[in-house]
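Engineer: can you look at this prediction? I've put the sequence above it.
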Amino acid sequence: MPAKSKHMEQRKQRIANAKKNARLAGKLRRRRQLQALGGLLAIAAVLTLAYLWQSGFFEDEEPAAEETPTAEVTETAPLDPSASVDPNATADPTAETSEAPSESPSETTE
């Protein structure tokens with residue numbers, strides 16, 4: 001009977017090794033699948049970013065001004081106080097500036 005017992009021991013060892021190898025192969029297969037998925041996601045992200053960059057998605061553009069009918073426009077005070085200051089104005093409001101052109105009917109030619 002020792003031969004039968006030795007045969008059974010080798011068979012048990014082969015089965016144990018086969019199970020161990022199957023577990024390791026499963027781990028390696030799952031790792032490769034996750035790596036492949038990560039690579040595909042990285043490629044998809046790069047292609048998406050390249051498409052968005054080519055289409056001008058990341059450029060800073062001024063928003064288009066909304067068209068407002070003139071009848072709906074109301075006069076408001078400017079928000080910036082320095083915007084209302086006239087750079088050509090003088091301290092004396094009655095003084096005339098030499099920069100202002102004067103038009104007379106005799107000077108215009110048609």
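Structural biologist: Arrived safely. Numbering: from 1, shown residues only.
Engineer: so where do the helices sit in this protein?
Structural biologist: Listed in chain order, the helices of the chain (DSSP state H) span 2-54.
Engineer: for it, what are the low-confidence residue spans?
Structural biologist: For the chain, the stretches with pLDDT under 70 are 1-3, 63-65, 68-110.
Engineer: let's see that with 90 instead.
Structural biologist: For the chain, residues meeting the criterion pLDDT under 90 lie at 1-4, 56-110.
Engineer: burial count for residue 9?
Structural biologist: By other Cβ atoms under 10 Å, 10 other residues sit near residue 9. Bear in mind the C-beta positions are built from the backbone N, C-alpha and C, glycine included.
Engineer: what about it, distance to residue 16?
Structural biologist: Separation of residue 9 from residue 16 (Cβ to Cβ, to the nearest Å): 11 Å.
Engineer: try residue 29
Structural biologist: 20 Å.
Engineer: can you tell me what sits against stretch 41-52?
Structural biologist: Stretch 41-52 has contacts (Cβ atoms under 8 Å, 6 or more residues apart in numbering) with residue 58.
Engineer: how close does residue 34 get to residue 16?
Structural biologist: Distance, residue 34 to residue 16, by Cβ to Cβ: 28 Å.
Engineer: what's the answer for residue 8, then?
Structural biologist: Here residue 8 is placed at a distance of 13 Å from residue 16 (Cβ to Cβ).
Engineer: with residue 58 instead?
Structural biologist: Counting by Cβ to Cβ, the gap from residue 58 to residue 16 is 58 Å.
Engineer: burial measure for residue 36, as a count.
Structural biologist: Other residues lying near residue 36 total 10 when counted by other Cβ under 10 Å.
Engineer: to clarify, my last question referred to residue 26.
Structural biologist: 10.
Engineer: please apply the same query to residue 54.
Structural biologist: Residue 54, neighbours per other Cβ under 10 Å, totals 8.
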